[in-house]
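Visitor: just a sequence and a predicted model for now, questions to come.
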Amino acid sequence: MTAVLEYESNAIVELMGVPPADRDGEWLKNSLQQAIMVEIATIGPYASALWSIKESNGAVAKDIRAVIFDEMTHMGLVCNMLTTIGGTPVLADPEVVPKYEHALPGGVRPELIVFLEGLTKDSVEMFSEIERPEHPVARFDTFATIGAFYTAIEETFETHQHLIGGDRQIDFSLESHGQGNKILPLDTIEKVRAAIEVIKEQGEGTSASPENPFPGKPGELAHFYVFREMFHGKKLIKVSEDPVVWDFKGDDVPLPPAFPMGRVPKGGWANGGLNAPTPEVQQVLGAFNTHFSKMLRALEAAWQTGDSDALLPAISHMRGMRTEARKLVQLKLPDGSGKTYGPEFLYIEE
């Protein structure tokens, strides 16, 4: 099959095409590596929108920040799933890091192009498409989803429970950002099941409710519905009990003032023609990309050793990314559009 350590591949499509009876330990390792790549791919777009918001303590900013911490937890849980069966996550490699503008890795949802931009109706529409469940309670379309991929992973774990060895497990709590935000050692099938439930239901909700079963606050919605509220500009509320019907007819959810971060050209601002960065802008872009790259290397090192304290440098680099991104979204593009630069999320090798 296509090399699994390639972002621009159809690896997930090919993995899902393997008959369940033929999904062995190697299939599981390859699938978990691809799942890690999917989780990382969502962080760049969500963070770009968050960092473009002028007032960082408003409701929308808090909601996006909560989603980002959920995604970071999901990535950590999947890394634990991979190491518990003897694999090693690859995060710091130019072949596996996210590519923007581009579809999600592995060929999942190939019609959905993921891009980097500030907070706009277009970006939140894209965010909700990333998180879309198979059967949204507020709509009735069906799509192949990331959730379906996780279901296949869970079913394969059930078949191959003997592979779970508990090796190199990270134990790190982010529960100040939500009930399900804890990277836990996964040394039994029960713990693996619970971790996959958190990943799926924080993103998609359940088949019966749009609410997040593992909330940071009471009534918190799953990611898909959080982003749909931003798109519709209205809270999602239950408008009927029998039958149960939810609709976007609640209080207003206005998008907050944001710096007009332009859409990053494919491959970065160097490909932006008239907007190719000056040396001064490139210095800030380089500082961001350096923090991003060092963060990935720190995360990879943590799961190579199983040392939970090794995550602390990664968190420090995340803060550095935020600082540089806040500078970028205030630097105007030279094309006269009134838009600004923003982070590229380009990997720089050591």
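Guide: It's in.

Visitor: only C-alpha atoms from now on, for both contacts and neighbour counts.
Guide: Noted.

Visitor: what about the most far-flung residue of the chain relative to its centre, distance to K266?
Guide: Note on the chain: the largest C-alpha distance from the chain mean falls to D242, namely 35.0 Å (C-alpha atoms, centre = their mean). From D242 across to K266, the span is 48 Å (C-alpha to C-alpha, to the nearest Å).

Visitor: tally of neighbours for N57?
Guide: N57 has 11 neighbours, counted by other C-alpha atoms under 10 Å.

Visitor: check E125 too.
Guide: Using other C-alpha under 10 Å: E125 sits among 16 other residues.

Visitor: T278 now?
Guide: Neighbour number of T278 under other C-alpha under 10 Å is 10.

Visitor: buried residues, the helix or strand containing K62. List them.
Guide: Element membership for K62 (DSSP states H and E) is helix 59-84. By 16 or more other C-alpha atoms under 10 Å, the buried positions in helix 59-84 come out as 60-61, 63-84.

Visitor: helices or strands next to the helix or strand just after it in the packing?
Guide: Heading C-terminal from helix 59-84, the first helix or strand you meet, by DSSP H and E, is strand 102-103. With contacts defined as 3 or more C-alpha pairs under 8 Å, 6 or more residues apart in numbering; DSSP states H and E, strand 102-103 has these neighbours: strand 113-114.

Visitor: partners of the strand it packs on, with directions?
Guide: In the sheet, strand 113-114 lines up against strand 102-103 (antiparallel) (DSSP bridges).

Visitor: what does the partner strand contact?
Guide: Contacting residues not belonging to strand 102-103 are listed as R109, P110, E111, L112, I113, V114, F115, K266 [C-alpha atoms under 8 Å, 6 or more residues apart in numbering].

Visitor: in ChimeraX, how would I select just the buried ones from those?
Guide: Entered in ChimeraX, the line below selects the buried ones among those, by 16+ other C-alpha under 10 Å:
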select :109,114,115,266
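
Visitor: lowest-confidence member of the contacts of strand 102-103, which is it?
Guide: pLDDT across the contacts of strand 102-103 is at its lowest for R109, which sits at 80.

Visitor: isn't there a helix covering that residue?
Guide: No: under DSSP: H, G, I helix; E, B strand; the rest coil, R109 sits outside any helix and is assigned coil.

Visitor: ramachandran angles for the residue farthest from the centre of the chain?
Guide: Main-chain dihedrals, D242, degrees, to the nearest 10: phi -140, psi 100.

Visitor: okay, stretch 150-169 in PDB with CA atoms only?
Guide: Extracted in PDB, the C-alpha atoms of stretch 150-169 (Å, rounded to 0.1, in the frame of the first residue of the first chain):
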ATOM      1  CA  TYR A 150     -11.900   5.400  14.800                       C
ATOM      2  CA  THR A 151     -14.600   2.800  14.900                       C
ATOM      3  CA  ALA A 152     -12.600   0.500  12.600                       C
ATOM      4  CA  ILE A 153      -9.500   1.100  14.900                       C
ATOM      5  CA  GLU A 154     -11.600   0.100  18.000                       C
ATOM      6  CA  GLU A 155     -12.900  -3.000  16.400                       C
ATOM      7  CA  THR A 156      -9.400  -4.100  15.500                       C
ATOM      8  CA  PHE A 157      -8.200  -3.500  19.100                       C
ATOM      9  CA  GLU A 158     -11.100  -5.800  20.200                       C
ATOM     10  CA  THR A 159      -9.800  -8.500  17.900                       C
ATOM     11  CA  HIS A 160      -6.200  -8.100  18.900                       C
ATOM     12  CA  GLN A 161      -6.400  -7.300  22.600                       C
ATOM     13  CA  HIS A 162      -3.200  -9.400  23.200                       C
ATOM     14  CA  LEU A 163      -1.100  -6.700  21.600                       C
ATOM     15  CA  ILE A 164      -1.800  -4.200  24.400                       C
ATOM     16  CA  GLY A 165       1.400  -4.200  26.500                       C
ATOM     17  CA  GLY A 166       1.300  -0.800  28.200                       C
ATOM     18  CA  ASP A 167       4.700   0.300  26.900                       C
ATOM     19  CA  ARG A 168       5.900   4.000  26.900                       C
ATOM     20  CA  GLN A 169       2.700   5.400  28.200                       C
END
